[in-house]
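[1] what follows is a protein structure lacking sequence information:
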């Protein structure tokens, strides 16, 4: 229920249509605390997946359900309440470059919130992946991997194969904001 509660709080000021979608999703998220078997966990995640994706009607939900069929799920994990998970106070102490990736339509950690996370880090790059929600690695894997490959190249890490530069990035700064083009997949 943590994801739903977080998103619900973020969307209270949204449109009536958005609030209706949030309310419809609530039943799916309530099931999280009652799953008893690994199979029920898979069904739960499959039912939740559209909530996390930019295009819930697209092919990604079906692809995820199939790819995640062999994942080992633990019903007990759904009954652990992690409480508030807020590490913002410690971000200033991170002493390595950080790539913060978010989908342009991420409902959980919206682009603005990702930019706030990056602003709290000493050396961060924010990459906003167009056409993706909370799981850009599922919805737009080539864009997602292109983001990582280009960032690693910018940071001086060698790659086996050169990825096309998908960014309109600036010179090195405390925070760089890159957006992937929507037409690249």
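    Noted; the coordinates are in hand. Values in this document were obtained by computation on a predicted structure and should not be read as measured data. Numbers count the residues shown, from 1 in each chain.
[2] nearest spatial neighbour of residue 120, skipping sequence neighbours?
    Nearest non-adjacent residue to residue 120, counting by C-beta to C-beta, 6 or more residues apart in numbering: residue 91, 4.0 Å away. The way it works is simple: take the backbone N, C-alpha and C, and place the C-beta from them, glycine included.
[3] ok, that neighbour - contacts?
    117, 120, 121 (C-beta atoms under 8 Å, 6 or more residues apart in numbering).
[4] what helix or strand is the most centrally placed residue in the chain located in?
    Closest to where the C-alpha atoms of the chain average out (C-alpha atoms, centre = their mean) is residue 134, at 2.7 Å. For residue 134, there is no enclosing helix or strand under DSSP states H and E.
[5] all strands of the chain, in order?
    Counting by DSSP state E, the chain has strands at residues 98-103, 124-129, 175-179.
[6] paired strands for the first one, with orientation please.
    The reference is to strand 98-103. As defined by DSSP bridges, the strand partners of strand 98-103 come to strand 124-129 (parallel).
[7] picking up where we left off before, report pLDDT for the residue nearest to residue 120.
    In the predicted model, residue 91 carries a pLDDT score of 91.
[8] make 746 the starting number, not 1.
    Let's use 746 as the start, then, which means that last one is residue 836.
[9] gap between it and residue 796?
    27 Å (C-beta to C-beta, to the nearest Å).
[10] same check, this time on residue 835
    Taking C-beta to C-beta as the measure, residue 835 falls 29 Å from residue 796.
[11] swap in residue 875?
    According to C-beta to C-beta, residue 875 and residue 796 sit 19 Å apart.
[12] what do you get for residue 858?
    17 Å.
[13] looking at those two, which has the bigger crowd around it?
    Per other C-beta atoms under 10 Å, whichever of residue 858 and residue 796 has more neighbours is residue 796, with 21 against 14.
[14] distance of the more buried one from residue 880?
    Note on residue 796: its distance to residue 880, by C-beta to C-beta, is 11 Å.
[15] okay, now the domains of the protein?
    747-824, 834-924 (automatic domain parsing).
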